[in-house]
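Engineer: Here is my input; please provide its structure:
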Amino acid sequence: MKNLKALGLFVLAALASLAAAVYAANWVARRGSIDADKVVVAVTDIPLGSRITPTMLDTADWPRGSIPAGAFHDVQKLQDRVAKVGVLRGEAVLEGKLAPEGTKGGLAAIIAPGKRAMTVRVNDVVGVAGFALPGNYVDVVVNAQQEQNGKMEEARQISKTVLENVLVLAVAQEAGRDETKPKVVSAVTLELSPEDAEKLDLARSVGNLSLVLRNQVDKDPVTTAGITKHQLFGTPEPVSASAPVKVAASAKPAVQRARPAPQSSPATCVEVIQDGSRTLNCF
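Structural biologist: Coordinates of the predicted model:
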């Protein structure tokens, strides 16, 4: 009786093993029949602005129905291309992440078409305590003396936002965007249009610059009139001596009264009596 139970357990175990083997074989067969293609991926982190070499790349199987647009299938086609954004290890290398063919490596490779890179000196205060990192967006505020009527002696101090939503390309000589720790540096490189580059160059020559860190998803421009020292402390603005005096609209011009015509003095008359007759002579 005991032998029959042992034999039954042995047969049951054999059947279970056979079923598991068949299921595994079918699963492997289904996996092998998936329609896949080779796609070039990064085998190491590629910093932005770096020139790509074959040692940074490899190919991996990718389901053909989900291959991203701009993917490469041959490592040699990426020889000497430059990454304009950072590519992480295991990530597919796409055309949209690369600078145009023939671009040299370095900071110039990541400047957008039609833009310029300009560096300004900063300190721990101007640089937002080191939190203005590559990839962040900032506003530029200038504090300067504003002339009044072209006269410097009547200038007033004003702070004004002159540039908004400016991309930080690099801090010091580093353009990496993976770090989040604050980094106090002496210079910050900004991406600007040619017109904004002229504004920034003039602003740093007439006053002191400050960077204002802004939310990366906040793209709405804000128009401000700036603020003066008198507006800040609520004191009245001084009136210039050369300022024209305004006349109230309700004031009426004085009415000139007509002068009376001058009256002639009365005539002088003399009565002359001669030979019993009287004569009145007036003159």
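
Engineer: which stretches of the protein form helices?
Structural biologist: Here the chain has its helices, by DSSP state H, at 2-32, 194-206, 229-233.

Engineer: Deepest in the core, which of these is it.
Structural biologist: helix 194-206 (a mean of 14; mean count of other Cβ atoms under 10 Å). The C-beta positions use only the backbone N, C-alpha and C, and glycine is treated the same way.

Engineer: While we're on Thr119, how confident is the model there?
Structural biologist: Looking at Thr119, its pLDDT reads 90.

Engineer: Leaving aside the residues adjacent along the chain, what's closest to it?
Structural biologist: Thr189 (4.6 Å; Cβ to Cβ, 6 or more residues apart in numbering).

Engineer: Look up the residues forming beta bridges with that neighbour.
Structural biologist: Thr119, Ala170 (DSSP bridges).

Engineer: wait, it sits on Met118?
Structural biologist: Yes: taking contacts as Cβ atoms under 8 Å, Thr189 lies within contact range of Met118: 7.0 Å.

Engineer: Give me the nearest residue to Gln216, chain neighbours excluded.
Structural biologist: Tyr137 is the one closest to Gln216 (Cβ to Cβ, 6+ apart), at 5.8 Å.

Engineer: Near that neighbour, how many other residues are there?
Structural biologist: Neighbour count of Tyr137, defined by other Cβ atoms under 10 Å: 20.

Engineer: which residues does it contact?
Structural biologist: For Tyr137, the contact set (Cβ atoms under 8 Å, 6 or more residues apart in numbering) comprises 165-168, 213-216.

Engineer: Arg156 reaches Gln145, doesn't it?
Structural biologist: Yes: the pair Arg156 / Gln145 is scored as a contact, 7.2 Å apart, by Cβ under 8 Å.

Engineer: Just the buried residues of stretch 119-137, please?
Structural biologist: By neighbour count with 16 or more other Cβ atoms under 10 Å, stretch 119-137 contains the buried residues 120, 122, 126-128, 132-137.

Engineer: just how off-centre is that stretch within its chain?
Structural biologist: 13 Å (Cα atoms, centre = their mean, to the nearest Å).

Engineer: ok so, going back, for Thr103, which of the helices of the chain is the nearest?
Structural biologist: Among these, the nearest to Thr103 by Cβ to Cβ is helix 194-206 (20.0 Å).

Engineer: contacting residues around that closest one?
Structural biologist: With Cβ under 8 Å, 6+ apart as the criterion, helix 194-206 contacts 116, 118, 120, 140, 142, 144-145, 162-163, 166, 190, 192, 209.

Engineer: Stretch 44-63: end-to-end distance?
Structural biologist: 22 Å (Cα to Cα, to the nearest Å).

Engineer: Return the set of buried residues in that stretch.
Structural biologist: Quick answer for stretch 44-63 (16+ other Cβ under 10 Å): 46, 48-52, 56-57, 62.

Engineer: mind putting those in a markdown table, distance to Ala225 and pLDDT included?
Structural biologist: Putting the buried residues of stretch 44-63 into a markdown table (distance: Cβ to Cβ, whole Å; pLDDT from 0 to 100) gives the following:
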| residue | distance to Ala225 | pLDDT |
| --- | --- | --- |
| Ile46 | 46 | 87 |
| Leu48 | 38 | 80 |
| Gly49 | 39 | 81 |
| Ser50 | 44 | 83 |
| Arg51 | 47 | 87 |
| Ile52 | 49 | 89 |
| Met56 | 51 | 91 |
| Leu57 | 54 | 92 |
| Trp62 | 55 | 87 |
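
Engineer: That'll do, ta.
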